[in-house]
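Trainee: I would like the atomic coordinates for the input below:
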Amino acid sequence: MVENRRLTAAGESLVRLVKRTGSGAFRVMGSLTARFRPMPDFLLIGTKRGGTTSLYYDLLKVPQIISMFPSARFLPKANETKGVHFFDSFYKRGLNWYRSYMPSIWARQRAERALGKRVVVGEASPYYLFHPLAAARAYAAAPNAKIILLLRDPVERTYSHWKERRRGNAEPLEFAEALVAEGQRLAGEEERIIAEAPDYVSYPHEQQSYVAQSRYARSLRRWADLYGMDNILVLTSEEYYADQPAAVAAVAAFLGLDAPPIKSGGHLNAAPGATMDAEVREHLRSEFAEDNAELERMIGRTLPWE
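Mentor: Down below sits the predicted model:
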């Protein structure tokens, strides 16, 4: 029994070593061939705890949407790479590092010959929406990219974000206490991100911004001012989970692709837990009312939130 455990542990260590070594080699190779790796065709920019993981892996079931480099079949990992977090957290690593994740022109050509149709590639990094510099960075690097958002009822997103931190033992405060503390935690963080770019990466700005990340209109405005709303597709999590194949078809149409019916992968990264206190819920409803109204004006339709 002891020997079996040792063999299992040794095997797991070997897999981790191969994964690290293999991934590093692919990054070096990808960086050296960066000029032959076109920028992404689309960016799924948020929102955090909105279903971006589920949507991204559903999108990869569309034949014309290909995975980033390298494919998971070349590494001991279960899933394809979803997001790179270049335009928020890893901008300092440089554009060649980012391009190293993109399929080469030759890989694209092979896929297109096999399908007889054009192919596209994209990534999903849900902090892009909220990060104060991500929109400008993305537009400078990929001005022709299509932008996709998956937005969740802001009250539910706020609570889910806190539950995620709490579940990972990264949030010592109860929900109501964390909401009160948020202003102090975020004080000066956005200004510091901008002033010390690209060196400063803010943990509280990304991980303790429960209410702030749920104010979608202000964040979307940064992207709309650069890309224009015609190049931005806004879906809601509620509509997506009600009919995932239909949402995938809507994204495919937005990208100019054919969308055969897909079998959805379900609800990934779901976080069940205790229900929210009714008084706190009502407070948040009021808190987000003005922002939701502005968001509806921007996208030109009514949102399915209370």
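
Trainee: switch to C-alpha atoms for all contacts and neighbour counts from now on
Mentor: Noted.

Trainee: Residue 66 contacts residue 60, correct?
Mentor: Yes. Look at residue 66 against residue 60 with CA atoms under 8 Å: they come within range, at 6.3 Å.

Trainee: the strands in the chain, which residues?
Mentor: Along the chain, the segments classed as strands by DSSP state E run 42-44, 122-124, 146-151, 232-236.

Trainee: Format the CA atom coordinates belonging to the last one as CSV.
Mentor: Pointing back at strand 232-236 there. C-alpha atoms of strand 232-236 as CSV (Å, rounded to 0.1, in the frame of the first residue of the first chain):
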residue,chain,number,x,y,z
ILE,A,232,-19.2,44.5,-29.1
LEU,A,233,-21.7,41.7,-28.3
VAL,A,234,-23.3,41.8,-24.9
LEU,A,235,-25.0,38.6,-23.7
THR,A,236,-26.4,37.9,-20.2
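
Trainee: And that strand, what does it pack against?
Mentor: strand 146-151, helix 244-254 (3 or more CA pairs under 8 Å, 6 or more residues apart in numbering; DSSP states H and E).

Trainee: any weak-confidence spans in this structure?
Mentor: The model of the chain has pLDDT under 70 over residues 1-23, 76, 264-273.

Trainee: Give me the neighbour count for residue 100.
Mentor: 26 (other CA atoms under 10 Å).

Trainee: follow-up on the earlier one: let me have the strands of the chain in CSV, adding mean neighbour count and distance to residue 190 as columns.
Mentor: What follows is the strands of the chain, written out as CSV (neighbours: other CA atoms under 10 Å; distance: least, CA to CA, whole Å):
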stretch, mean neighbour count, distance to residue 190
strand 42-44, 23, 22
strand 122-124, 23, 22
strand 146-151, 23, 22
strand 232-236, 18, 24
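
Trainee: can you redo these as CSV with distance to residue 243?
Mentor: What follows is these, written out as CSV (distance: least, CA to CA, whole Å):
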stretch, distance to residue 243
strand 42-44, 19
strand 122-124, 20
strand 146-151, 14
strand 232-236, 11
